[in-house]
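In: got a predicted model here, sequence first, then my questions.
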Amino acid sequence: MRLFEYVAKGVLAKHGIPVPEGFVVTSAGQIRRIPGPVMVKAQVLVGGRGKAGGIKPAHNLDEARKAASQILGMDINGHVTKEVLLEQRLEAAKELYLGITIDRSHGSLLMMASPDGGMDIESVPEDRILMLPIDPLIGYQPYHARKVAAFMGLEKDLAAQVEHICQRLFELVIREDAELAEINPLVVTKDGKVVAGDAKVTIDSDALFRHPEYEKFEEDLTPLEAKAKSMDIAFVQLDGNIGVIANGAGLTMATLDSINMYGGKAGIFLDLGGTDDPEKVRKAMQLMLEANPKVVLLNIFGGITKCDTVAKGVLEAMEGKTVKVPIVARIKGVNEEEGREMLRSAGMIPASGLSEAAEKASQESLR
Amino acid sequence: MIRMAIMVDSNTKLLIQGITGYQGRYQSKAMMEFGTKVVAGVRFGKGGEKVNDIPVYNTVSEAVDATDANASCVFVPAPSCKDAALEAIDAGLSTIVIVTEHLPVLDAIHVVSVARAKGIALIGPNCPGVASPGKSKVGILPNKIFREGNVGLVSRSGTLTYEIVNAITEHKIGQSTCVGIGGDRVSGTTFIEILEKFEKDKQTKKIVLVGEIGGTAEEEAAQYIKKKIKKPVVAYIAGRTAPPGKRMGHAGAIIARGRGTAESKIKALEDAGVKVAKFPTDVAELLSRE
């Protein structure tokens, strides 16, 4: 679960990391006074908001209200701005980068640091970025922070401030179950303070059972997405017109790839996870018909359930509905023939293999 | 007669943690039908009961004392899964398969690091498990898709693994061992560790690697294959047309530096002499040409 900047900064502050003074509003009228010159920042969960005009400086109350009303409602890369953060403007002498994330190769946490923070961090040469895996058996120790400060080329007092922030950021990751905690830029102000200029924190959604306090920050979902989520079905909207239902991430991706090979394009896809539970298949089919694609492709690899049982679920989903779209169905497993016959007699297009199903669905979509 | 294979074979004496749940009940029966020696189940508070004629114990160490179990299959739900896996490690089991999905990543890091330090074979979390046809199976892979033979398969996926195993079995190509290492970011076993075992295993003559986009495990495996693997390798990579995920931080991009995509993985594998299939079902044909 990704947190808005102002929520992330609240989490940073809770763990003792300095952040600029600020507050969040949903309308310009809510701004009563400002703590000197401020930055007005769109609160959206997407990158590139600075380049899109979602961050503006303001020197006085009038300018702040004007900037806020310009930014509120702004569409930033498909995300509509509903809140803006107004915060004290930092006079930066230097911008650093500090982050902690998952190191898949080492199976550990990874501390990342650079003396060259800011908007272009992704194009900073590799030798200017320190990658420091934290061995889980050793755990975070002060020497990790000393390495970071030395790599950033910092002197005594600044080094001490950065070392403190490293330790607190690591504690934050552990205590909050964060899979990403990133401060970019980590600002060194002209008066020698180290402050988090921006904050990106993502809480591991698999760990939310330990953090009920995040429940109130529900993600911004469309009705269909919310419905899919409540059924524990992964829902993704692409720009094609074939609605795909499959079970398991790898098989779903392989199905999309196969459609593409035959010239088709997937629209919505639903991934049931590694299950062939007929009830879940039925619900997914209902959801897909609500989404109204041009063609539906159902690809279920039956591990546990027999194919005729899965087919029965599919037919139940369509009961009482007039379905005009072609449905290509492929269910693999025990009693495959019976399942296929049931689908055929209900007017669907059965397929026996993944490639055949992808080919048929693509043909139908190009008609 | 003892019949050897990598990871699990006829020496495997399995206990099942979480045997009294729906999955535990169903899958313990399926494993026995496959030929696995399932000797015990564990569920605190249900000691003394039986599930599918398998005795249930309150703790792992009690089960090990009574049955000499040497492996565990974990079905315990995510919130208690770290505890269960560490209990199994502490009780001295040498092979642990964690089927449970949605394990918090920090829990996975903890369990995986302890298992590595103690030299325990840990597979998963969020994995379908391991099957050595004709010998033993630990996990949830469907029994009917296998055929005994000489292809070793390693995969990060679940149902896609079934799809490919099923396709090669339909071509009358059998398998020595199939290992689903799991699709989570932090896993107990890497492609490289399994490739090394297949290279040494006498029964395995050819290898299949099934990967997917994200991370750099396939690129690392390709490097290893180039240097160390003499047996022919066929691969399939899922996600050629997957949409780029909505990204927030820069950390992922800084680490990946252009790796992690299907193109990058396919190129790395082809550079290492691996034949990469276009469709999952093409794996069988590529294998028969090798």
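Out: Looks like it came in fine.
In: the spatially closest residue to residue B:197 that is not a sequence neighbour: what's it in contact with?
Out: Computed as CB to CB, 6 or more residues apart in numbering or on different chains, the closest residue to residue B:197 that is not its neighbour in sequence is residue B:6, at 4.2 Å. Quick note: C-beta positions are derived from backbone N, CA and C, even for glycine. Contact analysis of residue B:6 by CB atoms under 8 Å, 6 or more residues apart in numbering or on different chains lists B:132, B:152, B:176, B:177, B:179, B:194, B:197, B:198, B:201, B:204.
In: isn't the first one right up against residue B:11?
Out: This means residue B:132. No: Residue B:132 lies out of contact with residue B:11 (CB atoms under 8 Å); the separation is 10.7 Å.
In: okay, the two: which has more neighbours?
Out: Shown here are residue B:132 and residue B:11; by other CB atoms under 10 Å in any protein chain shown, residue B:132 has more neighbours (29 against 16).
In: what pLDDT does the residue lying closest to the more buried one once chain neighbours are set aside get?
Out: Nearest residue to residue B:132 in three dimensions, chain neighbours excluded: residue B:5, at 3.6 Å (CB to CB, 6+ apart). Looking at residue B:5, its pLDDT is 86.
In: what does residue A:320 give?
Out: Looking at residue A:320, its pLDDT stands at 69.
In: before we move on, what SS does residue A:184 have?
Out: Here residue A:184 is recorded as strand under DSSP: H, G, I helix; E, B strand; the rest coil.
In: next, count neighbours for it.
Out: Residue A:184 has 24 neighbours, counted by other CB under 10 Å.
In: list the residues that contact it.
Out: A:97, A:98, A:99, A:117, A:118, A:121, A:197, A:198, A:200, B:249, B:250.
In: and stretch B:68-88, how far from the chain's centre?
Out: Remark: stretch B:68-88 is offset 15 Å from the chain centroid, using CA atoms, centre = their mean, to the nearest Å.
In: do it and chain A come into contact?
Out: Yes: using CB under 8 Å from any CB of the partner chain, stretch B:68-88 reaches chain A at B:78, B:79.
In: avg pLDDT for that stretch?
Out: Stretch B:68-88 comes out at a mean pLDDT of 97.
In: format the CA atom coordinates belonging to that stretch as PDB.
Out: Taking Å, rounded to 0.1, in the frame of the first residue of the first chain, the C-alpha atoms of stretch B:68-88 are listed here in PDB:
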ATOM      1  CA  ASP B  68      11.800 -39.400  12.600                       C
ATOM      2  CA  ALA B  69      10.300 -37.000  10.100                       C
ATOM      3  CA  ASN B  70      13.000 -35.200   8.100                       C
ATOM      4  CA  ALA B  71      10.900 -32.800   6.000                       C
ATOM      5  CA  SER B  72       7.900 -30.500   6.500                       C
ATOM      6  CA  CYS B  73       5.300 -29.100   4.200                       C
ATOM      7  CA  VAL B  74       3.800 -25.800   5.700                       C
ATOM      8  CA  PHE B  75       0.200 -24.900   5.100                       C
ATOM      9  CA  VAL B  76      -0.100 -22.600   8.100                       C
ATOM     10  CA  PRO B  77      -1.800 -19.200   7.300                       C
ATOM     11  CA  ALA B  78       0.400 -16.200   6.700                       C
ATOM     12  CA  PRO B  79       0.100 -14.500  10.100                       C
ATOM     13  CA  SER B  80       1.500 -17.600  11.900                       C
ATOM     14  CA  CYS B  81       3.700 -18.900   9.100                       C
ATOM     15  CA  LYS B  82       7.000 -17.400  10.200                       C
ATOM     16  CA  ASP B  83       6.500 -19.000  13.700                       C
ATOM     17  CA  ALA B  84       5.700 -22.400  12.100                       C
ATOM     18  CA  ALA B  85       8.700 -22.400   9.700                       C
ATOM     19  CA  LEU B  86      11.100 -21.400  12.500                       C
ATOM     20  CA  GLU B  87       9.700 -24.100  14.700                       C
ATOM     21  CA  ALA B  88      10.400 -26.600  11.900                       C
END
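In: and the strands in chain B?
Out: Remark: strands assigned in chain B by DSSP state E are B:13-17, B:37-42, B:50-51, B:54-57, B:71-74, B:95-98, B:121-123, B:129-132, B:136-139, B:148-155, B:175-180, B:206-212, B:233-238, B:275-276.
In: count of neighbours near residue B:3?
Out: Neighbour number of residue B:3 under other CB under 10 Å is 14.
In: might one say that residue A:289 is in contact with residue A:321?
Out: Yes: counting by CB under 8 Å, residue A:321 is a contact partner of residue A:289 at 6.5 Å.
In: of the two, who's got more company?
Out: Neighbour comparison, residue A:289 and residue A:321: the larger count goes to residue A:289, with 17 against 10 (by other CB under 10 Å).
In: which residue is nearest the centroid of chain B?
Out: For chain B, residue B:180 is the residue whose C-alpha lies nearest the centre (CA atoms, centre = their mean; 2.8 Å).
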